[in-house]
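Chemist: kindly generate the corresponding structure for this input.
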Amino acid sequence: MVFHESSGYRLTVQLHDDRQTRVYRARRLIDDFPVVLKVLSDEQSLTEALPRYRREFDITRSLTDIEGVIKVYDLLTIQNSVMIVAEDIGAESLDKVWKRSQPDLAKTLDIAARLAGILGEIHRHNVIHKDINPANIIWNEQTDELRIIDFGIASQLSQEQQEFQSPTQLEGTLAYTSPEQTGRVNRKIDYRSDLYSFGITLYEL
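Modeler: This next block holds a predicted model:
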């Protein structure tokens, strides 16, 4: 997808690129407001992706009153593509921050406690994130703002049953995925699946 001024945004830097999505920092042309754009990859079908993006947008927007969840502003279809427009707090994902320089133990524990609170609020809204890992947690070291991002595979219910899937078809990030999310054990997915992934994240940090 090539961005033109008709899209209403000017790209500044690419943050992520994979088979499904590309993520950019951008400026809104009308007022130079900073945003993050999650854009459908050229390899993905708009017909298949649009319901997925709409579901992610709707679930994320339903959590707008939780300070630690990324805010979404718009869902747009342009140039035969689709993109979610989200807030830009000038943050980096925790996996990138920790690779560069690991904060001291006190700051790590502070972040851990705040994340536990955010996750608790998400669960109180009957949402299961299903992909908690350091790449989906962003932190601005200067402002100390913290957000959980990427509700692309989240479920808006208290629990669900997961059918067996091969490792190549699993949703989420395998190293952080709870056993019940693989469908290999006869257990329903509920908020504890997020706590499993959160525990692995804390262990790694």
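
Chemist: now do the helices in this structure.
Modeler: Under the criterion DSSP state H, helices of the chain are mapped to 46-61, 94-100, 105-124, 191-204.

Chemist: tell me what the third one is packed against?
Modeler: Packing contacts for helix 105-124, counted by 3 or more CB pairs under 8 Å, 6 or more residues apart in numbering; DSSP states H and E, involve strand 146-148, helix 191-204. Any C-beta I mention is one placed from the backbone N, CA and C, and that applies to glycine too.

Chemist: give the buried residues for the longest one.
Modeler: By neighbour count on 16 or more other CB atoms under 10 Å, the buried set for helix 191-204 is Tyr191, Arg192, Ser193, Asp194, Leu195, Tyr196, Ser197, Phe198, Ile200, Thr201.

Chemist: right, and the second one touches Ser178 too?
Modeler: Think Arg192. Yes - between Arg192 and Ser178 there is a contact under CB atoms under 8 Å: 7.4 Å.

Chemist: any weak-confidence spans in this protein?
Modeler: For the chain, the stretches with pLDDT under 70 are 1-6, 158-172, 182-187.

Chemist: ok, back up a step: how about the buried residues of helix 191-204 in TSV, adding distance to Asn126?
Modeler: Formatted as TSV, the buried residues of helix 191-204 follow (distance: CB to CB, whole Å):
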residue	distance to Asn126
Tyr191	9
Arg192	14
Ser193	14
Asp194	12
Leu195	15
Tyr196	18
Ser197	18
Phe198	18
Ile200	23
Thr201	22
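
Chemist: between these, which is nearest Ser93?
Modeler: Nearest to Ser93 out of the buried residues of helix 191-204 is Thr201 (CB to CB; 11.4 Å).

Chemist: skipping adjacent residues, who's closest to the residue nearest in space to the middle of the chain in space?
Modeler: Compute the mean C-alpha point of the chain, and by CA atoms, centre = their mean the closest residue is Asp150, 1.4 Å away. Nearest residue to Asp150, sequence neighbours excluded (CB to CB, 6 or more residues apart in numbering): Asn136, at 4.5 Å.
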